[in-house]
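Peer 1: quick one, fold the following:
(one chain, ligands or ions: 1)
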Amino acid sequence: MRQGRMQQCRIRRWRWAIPGQRKGGKATAATALPELDDIAWYAHAEEAETASFWRMARRLPGLVREALATAWAAAPGLTVLALALNIAAGVATTTALLAITDVTRELFSSGPTWDRVSASLPSLILLAAVTAAKGALGIGSGWAQQRLEPLVLAEVDRGFYALAVAVPRTAFDDDRFADRMEAANDRGSRAQVDLVRHTVDFVTAVVTVAAVAAALAVIHPVLIPLLFAAALPAGWAAVRSARLMYVSNRSRVARRRRLWMVQWLMDSRWTADDLRYHQAGPWLLGQHGAMLGAETGADLAVIRKQTVTRAVGQALSGLAVAGVYGILLWMLAAGTVPLAVAAAAVVALGQGSSAMANLLVAVNEIYTDGLYAADRREFDALAAERIAAQPHLADPAPGGGAEPLPVPEVIEVRDVSFRYPGKDTDALTGVSVTIRRGETVALVGENGSGKTTLMKLLAGLYTPTSGQILWDGVDITRIDPARWRPHVSVIAQQVQRWPFTAARSIALGRAETPVDRSRLERAARDAGALAMIEGFDHGWEQLLDRQYRDGTDLSGGQWQRLASARGLYRDEGGLLLADEPSSALDARAEAALFDTLRARSGTAATVLISHRLQGVVHADAIAVLEDGKLIELGPHRGLLAAGGAYAELWNLQARSYAV
Ligand SMILES: Nc1ncnc2c1ncn2[C@@H]1O[C@H](COP(=O)(O)OP(=O)(O)OP(=O)(O)O)[C@@H](O)[C@H]1O
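Peer 2: Residues are numbered from 1 along each chain as shown. Reported below is the predicted structural model:
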């Protein structure tokens with residue numbers, strides 16, 4: 001789970017920005033962090049705080065069913081075994097209690113001592129046998145239960161990550177989605193495992209209480225309500241304490257996400273350089289301290305409330321136990337129960353009240369697990385909703401079909417606008433561009449003008465807010481990406497440093513197909529990465545993660561060469577999207593990469609984003625973007641002659657090269 005969090009942090013680290021403020025040289029952490037207050041949106045909080053025991057009891061059958069279904073899906077045989085062994089242990093409990101009753105009855109009867117002892121002997125032998133059997137059954141059920149848990153956890157984790165990789169990209173721009181993902185990942189998934197464990201505990205406790213109640217019914221039926229009365233206050237206290245903790249935990253999710261992220265920023269190798277260059281450690285410590293302070297405050301508040309609850313519970317519990325034994329004494333004095341039966345009843349009530357407390361705790365645990373598990377279910381539902389809302393599923397193109405689309409001859413961006421979720425301005429407005437097979441279209445423009453956004457739309461990462469992206473007249477946003485994405489390869493601006501071997505890092509470009517060595521070498525050569533890889537201590541098998549044995553790190557430009565190789569390895573001659581592919585490359589590597597991209601000319605479609613305009617002069621068309629709008633479109637010479645924005649940018653760059 002921590003690994004998952006770290007990954008999240010890594011993915012988002014470049015977007016990380018706390019609006020820090022300084023006052024008298026010190027970070028004013030309290031004003032800098034938006035998530036110091038507990039969040040209030042959580043829908044289950046009120047339910048959790050106000051749920052009565054009866055509401056919990058009503059939800060119990062559904063939760064037990066859910067737990068059994070989860071356990072059954074993970075390991076049906078073990079599920080049955082764990083339940084069967086617990087039920088058998090319950091039967092042994094009843095038998096043992098009845099044997100104790102017989103033993104006491106014989107021992108307290110009249111007659112010579114030796115006769116009474118020998119009369120009780122068969123029951124004593126039975127008692128010894130069932131006690132041994134109960135022990136063996138307990139060991140067996142514990143074994144089954146312990147084996148069940150990792151299997152359930154594996155199943156639950158698999159489901160979580162299957163959804164995490166399937167949700168559309170937009171989900172990761174949504175802070176509420178992130179909160180729910182965190183809640184699901186932090187406790188929600190684990191709660192499903194706990195739900196199974198506590199359900200087995202619950203079955204065990206029910207069987208034990210039923211066993212004791214059965215024995216009490218034989219001893220004296222009046223004792224049964226006493227069994228319940230003695231355990232109620234402790235049960236109430238346990239239920240309320242757990243509920244208080246749940247509500248507190250749940251309202252702190254966003255702050256914890258921030259806390260973990262700041263911790264990761266301070267102890268990670270990825271941020272170690274920048275942190276020291278800028279002496280950012282004290283500021284981060286300030287942020288960390290502020291969040292820790294808020295967390296500690298919340299912990300102390302919940303501990304205070306829990307202690308008060310437990311104290312009230314203990315006091316009531318003491319009164320209840322005194323009352324139960326008082327009634328038993330009164331029955332003894334009134335002659336309602338003989339001494340032998342009263343002695344057996346004391347043993348049975350002792351066992352019964354601990355079983356009853358276990359039962360109440362199990363009910364409460366199941367209810368609490370149910371609340372946490374609801375976080376996971378909510379995430380599952382939200383993720384499924386996001387997946388289902390993708391246009392190719394919600395509004396598929398008529399005609400359907402499952403066969404792959406052919407390599408497109410003409411890709412048309414038609415009047416496309418796009419607004420990032422939650423933003424109030426468009427990143428792209430009414431953009432229209434045509435990309436033909438065999439042509440290169442370059443996107444240029446100032447920072448933030450919308451180039452990468454357009455590229456992400458072409459890659460299908462986002463769906464246009466309006467307008468269409470057509471492949472030979474077919475709107476690809478309404479077609480299953482599995483049918484067309486194999487024709488799209490990307491060299492992204494944000495170089496992903498995959499912590500795998502050099503071979504795997506490139507082969508990820510076609511992750512689902514077996515590694516093709518000659519293709520790998522070709523891609524590496526075309527990206528100017530072959531000599532570098534062959535020079536590694538372990539060649540293609542060189543691990544590219546310094547945090548593991550024999551791992552190494554690369555320079556920024558070397559990482560970028562690998563990223564280019566990954567995109568080229570994927571390339572099938574369809575659409576290649578290259579976003580600033582040479583920003584970190586030296587002059588020789590840049591020239592080699594542009595030669596490779598130019599070689600696609602005449603056969604494949606290329607979209608190239610570059611701030612270095614020398615790299616785009618050969619493009620068939622150059623699209624100039626400004627504030628998300630297409631302001632110029634044409635070949636290099638035409639745009640220069642027009643003397644517009646492109647010509648201005650070109651002249652600026654040319655001037656900086658003039659001696
Ligand atoms: N995930 C996102 N959520 C919200 N806004 C975003 C997101 N990504 C980019 N933007 C915004 O969209 C606009 C266009 O960004 P984009 O990355 O497309 O610019 P660009 O032209 O590629 O810039 P650069 O030359 O700096 O790479 C910018 O205002 C940016 O802040």
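Peer 1: am I right that Glu493 sits in a strand?
Peer 2: That one is not Glu; residue 493 is Gln. No. Membership of Gln493 in a strand is not supported by DSSP: H, G, I helix; E, B strand; the rest coil, which gives coil.
Peer 1: OK, contacts around the closest residue to it other than its chain neighbours?
Peer 2: By the measure of C-beta to C-beta, 6 or more residues apart in numbering, the closest residue to Gln493 outside its immediate chain neighbours is Asp579, 4.0 Å from it. Just so you know, the C-beta spots here come from the backbone N, C-alpha and C atoms, and that holds for glycine as well. With contacts defined as C-beta atoms under 8 Å, 6 or more residues apart in numbering, the neighbours of Asp579 are 451-452, 455, 490-493, 609.
Peer 1: can you list contacts of the helix or strand containing Asp595?
Peer 2: In this assignment (DSSP states H and E), Asp595 forms part of helix 587-599. Contact partners of helix 587-599, identified using C-beta under 8 Å, 6+ apart, comprise 440, 526-528, 557, 561, 564, 568, 576, 578, 581-582, 585, 606, 608, 612, 615, 618.
Peer 1: what is the rounded mean pLDDT of that helix?
Peer 2: Rounded to a whole number, the mean pLDDT of helix 587-599 is 88.
Peer 1: after that helix, next one along is what?
Peer 2: Next along the chain from helix 587-599, counting by DSSP H and E, comes strand 605-609.
Peer 1: returning to what we had before: and the contacts of Asp579 near the ligand, which?
Peer 2: Intersecting the contacts of Asp579 with the contacts of the ligand gives 451-452, 493 (criterion: C-beta under 6 Å from any ligand atom).
Peer 1: can you classify Ile469 by secondary structure?
Peer 2: When the rule is three-state DSSP, Ile469 gets the label strand.
Peer 1: and it, how many neighbours does it have?
Peer 2: When counting by other C-beta atoms under 10 Å, one arrives at 19 neighbours for Ile469.
Peer 1: show me which residues of the stretch 151-300 of the chain are close to the ligand?
Peer 2: Near the ligand, when you scan the stretch 151-300 of the chain using C-beta under 6 Å from any ligand atom, you find Asp173.
Peer 1: where does the stretch 151-300 of the chain get nearest to the ligand, which residue?
Peer 2: Closest approach of the stretch 151-300 of the chain to the ligand (C-beta to the nearest ligand atom) occurs at Asp173, with a separation of 4.7 Å.
Peer 1: how about the contacts made by the spatially closest residue to that residue that is not a sequence neighbour?
Peer 2: The spatially closest residue to Asp173, leaving aside those adjacent along the chain, is Pro421, at 5.4 Å (C-beta to C-beta, 6+ apart). By C-beta under 8 Å, 6+ apart, the residues touching Pro421 are 170, 173-174.
Peer 1: hey, where'd the helices end up in the stretch 101-250 of the chain?
Peer 2: 113-166, 175-183, 189-219, 223-250 (DSSP state H, counting those that start in this stretch).
Peer 1: against which helices or strands is the third one packed?
Peer 2: When you say that, I think you mean helix 189-219. helix 53-74, helix 76-108, helix 113-166, helix 223-250, helix 339-388 (3 or more C-beta pairs under 8 Å, 6 or more residues apart in numbering; DSSP states H and E).
Peer 1: middle-most residue in the protein, spatially?
Peer 2: For the chain, Asn185 is the residue whose C-alpha lies nearest the centre (C-alpha atoms, centre = their mean; 3.5 Å).
Peer 1: touching, Val103 and Ser120? I think so.
Peer 2: Yes. The pair Val103 / Ser120 is scored as a contact, 4.6 Å apart, by C-beta atoms under 8 Å.
Peer 1: from Arg176, how far off is the residue nearest to Gln493?
Peer 2: As for Asp579, its distance to Arg176 is 29 Å (criterion: C-beta to C-beta, to the nearest Å).
Peer 1: contact residues of this protein facing the ligand?
Peer 2: Applying the criterion C-beta under 6 Å from any ligand atom, the portion of the chain that neighbours the ligand consists of 173, 420, 423, 427, 445, 447-453, 493.
Peer 1: change it to 8 Å
Peer 2: Taking C-beta under 8 Å from any ligand atom as the criterion, the neighbours of the ligand within the chain are 15, 173, 420-423, 425, 427-428, 443, 445-456, 493, 579-580, 609, 611, 625, 628.
Peer 1: next, the buried residues of stretch 568-579.
Peer 2: Across stretch 568-579, burial judged by 16 or more other C-beta atoms under 10 Å covers 568-571, 574-579.
Peer 1: rebuild those as a markdown table, extending it with pLDDT and secondary structure.
Peer 2: Rendered in a markdown table, the data for the buried residues of stretch 568-579 read as follows (pLDDT from 0 to 100; DSSP: H, G, I helix; E, B strand; the rest coil):
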| residue | pLDDT | secondary structure |
| --- | --- | --- |
| Leu568 | 95 | helix |
| Tyr569 | 95 | helix |
| Arg570 | 94 | helix |
| Asp571 | 90 | coil |
| Gly574 | 93 | coil |
| Leu575 | 96 | strand |
| Leu576 | 96 | strand |
| Leu577 | 95 | strand |
| Ala578 | 95 | strand |
| Asp579 | 94 | strand |
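Peer 1: good, wrapping up.
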